[in-house]
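[1] Structure of the sequence below:
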Amino acid sequence: GPSQELDIYYAAFRIPDFIYVILISGAISAGFIPLFAEKLAKSKEDAWKFSNNILTTLTLILSAGAAIVAVFAPFLVKLIVPGFDLDDQSRVTLLVRIMMIQPILLGMSNIVVGMLQNFKRFFITSLAPIFYNLGIIVGIVFFVPILGLKGLAWGVVLGALLHFLVQLPGLRNLGFHFKFLPDFGSQNLKQIFYLMVPRMLGLLSTQINFLIVTIIASGLAQGSLSVFNFANDLQSLPQNIFAISFAVSVFPVLAQLSDKRKEFLQTFSNTTKNILFFMVPIAVLYVVLRELIVRVTLSYGSFDLSATLAVADVLGIFAIGMVGQSLLPLMIRLFFAMKDSIRPFLAGLAGNVLSVVLCWSLSQYFGVRGLALAFVIAGYFNLVLLWSFLRKKMIITESLGIVQSFGRVMGASTVAGLSVFGVLKMLNFSVISTSLILTIIQIAVVALIFALIHFGILYLIKAPELSYLKSIFRIKRKEENIDKVL
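    Numbering: from 1, shown residues only. Predicted structure coming up:
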């Protein structure tokens, strides 16, 4: 459950995660993938030479950076968790030094991901995150009993190693062989860094925001940082499955249609409606079932009732902002497709500044719930800014259709949500007395009732959104067949 031990782990994870997100997660992929595709169009040999050059050089750069961070870790830790005592700060420092191996391994692995995705090997790249989480689970189950909190850190390192290794057989089958080809002055490296800069700036402001939240949370009640992270992880799950998947898959299509305004806006509109179709009902379900969701996913071991209720409160606040957060990845890529990286950066920066101000002020009155509320408000502010920037660039002919679609889905979800909330009240459910199995059954039954009411209303009003669902499943089946052929 939420504890000082987990606060120490989450605080230590912030530094390697900061490096990973800024330099690797979005930035390297944004710079490497288009350049690799360009080389591959000429010949495989050019592509492999380019990949070896980048893989070697960036690995050396990340290794040197990790060593520098390890040396200055005590100073960095004092900055991010000033509310911890000296003993806890020293423990955070030790975990940081162990986990700095993670961004090196994930940096190598993400280059491999970029190569495999260019060859449409999506299945094997989708396995990498699973093996990463498997490594962390091994750390929790086997390493922690022996090494204590250090076992969690070594589990993260093991997960990063598995993330890399699981993809190597697929890469070798394509004919790739690793060669040590460092070149710090290569034109290829300069091009990648040039493409990385706009993305890095936006990611940097977001990560600074998270670091400031860590600083603020370290001064709140014990376990506050863990509560925040638990709730944030739970609300991020459906966004990663639906919203980010839609945004990532449609991005190259938007880039190709950037000069065809009508098709460009139609594609953006359809994707927005698809995201809303999934995320609006999920957000409503999260609000209604928040305590049950926390009970099923987290209530084990020392995770007691007070911890369950604390995370559920924060999750309920996050759920209110899920719709806005789910649209941000698409909106950002929409501007990138138009070769405009400045406006997303400015909107993100303004949103993060607002978030920091609100986090500091609201946490004084509402504790960790104030941190979540600040994120929700800042997320919608960011979305409104991006929409206003978009309207200045072009006439959004599809805006009325998006609003109407949102109204239909939101109306059906609200009626369904109120109905299942009434069912829960009639059953007089208690997270104290109900067993885990009964809780799972109850969630399944309530979700089924919700789905029947929600889709029943959409069917009765002949909502066109149902046709989007059918088309999505048809596309998914086609993609699965293509992957099998490849």
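
[2] okay, and for the stretch 51-200 of the chain, where does confidence drop off?
    120, 195 (pLDDT under 70).

[3] Tell me where it has helices.
    73-80, 86-99, 101-118, 122-138, 144-147, 149-165, 168-173, 187-217 (DSSP state H, counting those that start in this stretch).

[4] quick one: which of those helices is nearest Thr297?
    helix 122-138 (13.6 Å; C-beta to C-beta). In short, each C-beta sits where N, CA and C put it, glycine included.

[5] so what secondary structure elements neighbour that closest one?
    Packing partners of helix 122-138 (3 or more C-beta pairs under 8 Å, 6 or more residues apart in numbering; DSSP states H and E): helix 101-118, helix 149-165, helix 465-485.

[6] Now that helix: buried residues?
    Across helix 122-138, burial judged by 16 or more other C-beta atoms under 10 Å covers 122, 124-125, 128, 131-132, 134-136, 138.

[7] Also stretch 448-460?
    By 16+ other C-beta under 10 Å, the buried positions in stretch 448-460 come out as 450, 453-455, 457-458.

[8] between the residues you listed, which is nearest Trp154?
    Phe450 (41.4 Å).

[9] Nearest residue to Leu436 in space, please, no chain neighbours.
    The shortest distance from Leu436 to any non-neighbouring residue, by C-beta to C-beta, 6 or more residues apart in numbering, is to Val296 (6.8 Å).

[10] can you pull the contacts of the one you found?
    436, 439-440, 443 (C-beta atoms under 8 Å, 6 or more residues apart in numbering).

[11] For Phe345, find the nearest of the helices of the stretch 51-200 of the chain.
    For these, proximity to Phe345 was assessed by C-beta to C-beta; helix 187-217 is nearest, at 4.7 Å.

[12] same for the closest one, what does it pack against?
    Using 3+ C-beta pairs under 8 Å, 6+ apart: helix 187-217 touches helix 4-19, helix 27-42, helix 44-71, helix 73-80, helix 224-238, helix 342-366, helix 368-393.

[13] picking that back up, and the helices of the stretch 51-200 of the chain: which comes nearest Ile22?
    Among the helices of the stretch 51-200 of the chain, the nearest to Ile22 by C-beta to C-beta is helix 187-217 (5.1 Å).

[14] Adding distance to Thr267, write the helices of the stretch 51-200 of the chain out as CSV.
    Below are those laid out as CSV (distance: least, C-beta to C-beta, whole Å):
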stretch, distance to Thr267
helix 73-80, 41
helix 86-99, 40
helix 101-118, 20
helix 122-138, 20
helix 144-147, 47
helix 149-165, 32
helix 168-173, 30
helix 187-217, 22
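
[15] Find the helix or strand that the residue lying farthest from the centre of the chain is a member of.
    Distance from the C-alpha centroid of the chain, by C-alpha atoms, centre = their mean, peaks at Met426 (36.1 Å). For Met426, the enclosing helix or strand under DSSP states H and E is helix 399-427.

[16] Okay, buried residues for that helix please.
    So for helix 399-427, counting by 16+ other C-beta under 10 Å, buried means 401-402, 405-406, 408-413, 416-417, 419-421, 423.

[17] Likewise for stretch 309-317?
    For stretch 309-317, by 16+ other C-beta under 10 Å, it's 310-317.

[18] what do you get for stretch 193-206?
    195-196, 198-206.

[19] List just the nearest of the residues you listed to Ala283.
    Ala283 lies nearest to Thr206 out of the buried residues of stretch 193-206, by C-beta to C-beta, at 21.1 Å.

[20] Out of the contacts of Val296, which two are the most distant from each other?
    Taking C-beta to C-beta, no two of the contacts of Val296 sit farther apart than Leu436 and Ile443, at 10.7 Å.

[21] quick one: which of the two has more around it?
    Ile443 (16 against 11; other C-beta atoms under 10 Å).

[22] Could you pull up the residues touching the more buried one?
    Counted by C-beta under 8 Å, 6+ apart, Ile443 has contacts 289, 292-293, 296.

[23] Now with 7 Å, please.
    Shown in contact with Ile443 (C-beta atoms under 7 Å, 6 or more residues apart in numbering): 289, 292, 296.

[24] Look at the first one and report its pLDDT.
    Going back to what we said before, that points to Leu289. Looking at Leu289, its pLDDT stands at 90.

[25] for the second one, same thing?
    Confidence at Leu292, expressed as pLDDT, is 87.

[26] I figured it hits Thr439, correct?
    Yes. Leu292 is within contact range of Thr439, at 5.7 Å (criterion: C-beta atoms under 7 Å).

[27] Before I go, just wanted to say thanks for your time.
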